[in-house]
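Visitor: Following is a predicted model, sequence given first.
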There are 4 protein chains.
Amino acid sequence: MPAQKTDLDTIVSRAAELIRKQGYHKTSMAELAEACGLLKGSLYHYFPSKEALAIAVMGRVRDYFEHEVFRWAYADELSPQERLDRMALETERYFLRGEGGCLMANFALGTIDLVPEFGMIVKRYFQDWIDALSHVLRSKYSTDMARQKAEQAVAEIQGAILLMRVFKDAEYFIRANRKIAADFRGA
Amino acid sequence: MPAQKTDLDTIVSRAAELIRKQGYHKTSMAELAEACGLLKGSLYHYFPSKEALAIAVMGRVRDYFEHEVFRWAYADELSPQERLDRMALETERYFLRGEGGCLMANFALGTIDLVPEFGMIVKRYFQDWIDALSHVLRSKYSTDMARQKAEQAVAEIQGAILLMRVFKDAEYFIRANRKIAADFRGA
Amino acid sequence: MPAQKTDLDTIVSRAAELIRKQGYHKTSMAELAEACGLLKGSLYHYFPSKEALAIAVMGRVRDYFEHEVFRWAYADELSPQERLDRMALETERYFLRGEGGCLMANFALGTIDLVPEFGMIVKRYFQDWIDALSHVLRSKYSTDMARQKAEQAVAEIQGAILLMRVFKDAEYFIRANRKIAADFRGA
Amino acid sequence: MPAQKTDLDTIVSRAAELIRKQGYHKTSMAELAEACGLLKGSLYHYFPSKEALAIAVMGRVRDYFEHEVFRWAYADELSPQERLDRMALETERYFLRGEGGCLMANFALGTIDLVPEFGMIVKRYFQDWIDALSHVLRSKYSTDMARQKAEQAVAEIQGAILLMRVFKDAEYFIRANRKIAADFRGA
DNA sequence: GATGAATGAGACTTCATTCAT
DNA sequence: GATGAATGAAGTCTCATTCAT
């Protein structure tokens, strides 16, 4: 990605990595700090609480998807097919990087009923994803059908990310991720 | 504080409920004990550790699916279509009960790299699910195609369970869950 | 005092001592625990928080004054003069025990705007004190005058406790404490 | 007050306000800095430690009372009655300003056994107060009686400041504060 | 002189676990 | 078998203080 590695940016980035791998509750501020080369209490110069750090982390992931993945759905200069291909490519680039599954899914399962703001962010992330796919699919399907196919696609990708972690085999994800674009081409 | 049946089965059942809702790391032994009408230390008469209790909980879920869901895939007296229908029905019965998503998925995301045995159990659970669907689908598709469709189905159901939690709308799950049987009927 | 030395009772008692000497904010749970022969976290078996412990401590002081000091104001079998004498005696017995000034005054200065419940308890303590003195003084003075003299007496005693600490000389307190009874006798 | 707004003077002034309200232990250097429009570390350009700042704060209060309150006790151009009246007036002016009680009493209760120098300053403050009143009262009473009345007056005023905070009613203080001068006039 | 990052000790609190009763 | 007291490690967070810039 672009982005100058501000200190704060590095922290968020490292934190994202760790939380993605271990989950929010299993990752301690001490671990987070250590991953940034800081001591336990030093993180609090950047974020007033673990929650605040988590929100920054989620915001970062959201921004990434917005700017690097979802936006291709609205790229007027590309054909619908190219848009789907590009989205799949960028999605792949993200989820095959490092270990750990989908950070947003992690938050969804572990914290959604705990911290309302977390729930909001997670919801928006998935909504944006569905909206993006839906937007492209509307070039070929009815609004309802497009939305339904988009939802199915997101669900299948997320489930496949889970299976990828469980079986430690990226194929599950790769196949699911490419399916929408392939179906679109084929249909 | 219903301090009645504190048999081992009740404990495991109550623990399963709680962990499904809150996740392994967020659920304390004290909470678990309280949910069973016991006091903090008393759980240790049944299980030597939190891990052991978790393993029992996972085993219980596994048994449930084995006996109530997956086994229909091998019910010789039913047609393939009936088998898929029955599996979908039972799957629905389980996941629409109470709140919380899929306990196994929770463990997958939160503990898989932490406690090897947890990983094994989760893996077997999903493998059995895929195997069961796969077994039925082989009546119509090639071995490879059957397996692939089974994997897709499990992925989509799991992803839909996630969306169900995120959007607090059971429709995502219901639609995904019924899809394999519907496709089978239609194809 | 009487009271069986329940463990819990001992804890509250030791905590009261320490907080009276050091103040709420300067006294840590570790110190408190150590004074009880416990470890840091063990206090939490008895009280869910430092605040809860503090409330118990304040409640204990309040009970003590209610039963050992203030109640003499309402002892029908005694003459007004005897009541005042008795109150002064018991007040002395309390404040000359150990070091540290008035626990309630400590809370008043350090926490009153911080924890609403603390403020309530402190307020009631001083109100009860004023009411008790007031009740006796009404045998000789008008209601208004009695109340005013009672307020003055409590103020002077509290101020004298302060001076006792500052100058490390109990005379300040002793003289102030005996004054109401002496004035009553003399007037 | 006059006081040129030296930066350092402002700092001490703001710090005094805050510590008076919250107490020494509850007030952090960060809060203190913020109240001065500075950042955390910048306070250390003015004072090498929190203790040093506290000593400056106490010194300032002491100076204030010396020059604005106590000195009237030694104002040869005034009658004893006028001196007492003036002292009461100035005392009132100070304690009715802002919230919070008597900063010196706060230190007395929270830090007296912690930082010896704090204890010394507090002791001198109250000694000076008693001396000042005592000096005026000697015009009418014996040395011993004057001192005793002075001590009583200071105690009652301090106690009344406490009640003022507890009951959030300035009347307690106002009445106590005016009493010496009134008694002097009446006697 | 001012800043803000960094520190390390220590605050309150939680928790899995043990054990005497 | 059940209890509840006790533990000790670990977790989140605060704070006085230092220091390079």
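Guide: Perfect, I can see it now.
Visitor: Grab the nearest non-local neighbour of A:L114.
Guide: B:K26 (7.3 Å; CB to CB, 6 or more residues apart in numbering or on different chains). Quick note: C-beta positions are derived from backbone N, CA and C, even for glycine.
Visitor: Helices along chain A, start to end?
Guide: Ranges of helices within chain A are A:7-22, A:29-35, A:50-64, A:80-95, A:103-111, A:116-137, A:143-167, A:171-186, based on DSSP state H.
Visitor: Does DNA strand E have contacts with the third one?
Guide: What it means is helix A:50-64. No - with CB under 7 Å from any atom of the strand as the criterion, DNA strand E is not reached by helix A:50-64; the gap is at least 12.8 Å.
Visitor: Now that helix: buried residues?
Guide: Residues of helix A:50-64 classed as buried: A:50, A:53-58, A:60-62, A:64 (neighbour count, 16 or more other CB atoms under 10 Å in any protein chain shown).
Visitor: re the thing from before, quick one: pLDDT of the residue nearest to A:L114?
Guide: Residue-level confidence at B:K26 comes out at 91, pLDDT.
Visitor: Isn't it up against A:I112?
Guide: No - taking contacts as CB atoms under 8 Å, B:K26 lies outside contact range of A:I112: 11.3 Å.
Visitor: What's the local residue count around the residue in chain A that chain D sits nearest to?
Guide: Closest approach between chain A and chain D, counting by CB to the nearest CB: A:H45, at 9.7 Å. When neighbours are counted by other CB atoms under 10 Å in any protein chain shown, A:H45 registers 12.
Visitor: sorry, back to before: for the residue nearest to A:L114, which residues are in contact?
Guide: A:25, A:110, A:114 (CB atoms under 8 Å, 6 or more residues apart in numbering or on different chains).
Visitor: List only those of the residues you listed flagged as buried.
Guide: A:25, A:110.
Visitor: Can you name the residues of chain A sitting close to chain B?
Guide: A:21-23, A:25-26, A:101, A:105-106, A:108-110, A:112-114, A:119, A:122-123, A:126, A:148, A:151-152, A:154-160, A:162-163, A:165-167, A:172, A:175-176, A:179 (CB under 8 Å from any CB of the partner chain).
Visitor: Kindly write the ChimeraX command that selects the buried subset of those.
Guide: Entered in ChimeraX, the line below selects the buried ones among those, by 16+ other CB under 10 Å:
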select /A:21,22,23,25,26,101,105,106,108,109,110,112,119,122,123,126,148,151,152,154,155,156,157,158,159,160,162,163,165,166,167,172,175,176,179
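Visitor: what residue ranges in chain A score low on pLDDT?
Guide: A:1-6 (pLDDT under 70).
Visitor: Residue of it nearest DNA strand F, please.
Guide: Using CB to the nearest atom of the strand, A:G41 is the residue of chain A that sits closest to DNA strand F, at 2.5 Å.
Visitor: residue contacts, the residue nearest to that residue when sequence neighbours are not counted?
Guide: Nearest residue to A:G41, sequence neighbours excluded (CB to CB, 6+ apart): A:A33, at 7.9 Å. A:A33 is in contact with A:39-43, counting by CB under 8 Å, 6+ apart.
Visitor: how about a cut-off of 7 Å?
Guide: A:39-40, A:42-43 (CB atoms under 7 Å, 6 or more residues apart in numbering or on different chains).
Visitor: okay if I get those as a markdown table plus neighbour count and distance to DNA strand E?
Guide: Shown next, in a markdown table, are those (neighbours: other CB atoms under 10 Å in any protein chain shown; distance: CB to the nearest atom of the strand, whole Å):
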| residue | neighbour count | distance to DNA strand E |
| --- | --- | --- |
| A:L39 | 10 | 4 |
| A:K40 | 13 | 6 |
| A:S42 | 13 | 4 |
| A:L43 | 22 | 8 |
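Visitor: Closest one of those to chain C?
Guide: For these, the nearest to chain C is A:K40 (17.6 Å; CB to the nearest CB).
Visitor: Any figure for the gap between that closest one and D:A56?
Guide: Taking CB to CB, to the nearest Å as the measure, A:K40 falls 33 Å from D:A56.
Visitor: Same check on A:V154?
Guide: Distance from A:V154 to D:A56, by CB to CB: 63 Å.
Visitor: repeat for A:R185
Guide: A:R185 is 77 Å from D:A56, by CB to CB.
Visitor: can you check A:F126 too?
Guide: A:F126 is 57 Å from D:A56, by CB to CB.
Visitor: How about A:A56?
Guide: 39 Å.
Visitor: what does A:E92 give?
Guide: On the measure of CB to CB, A:E92 and D:A56 end up 63 Å apart.
Visitor: again with A:E51
Guide: A:E51 is 38 Å from D:A56, by CB to CB.
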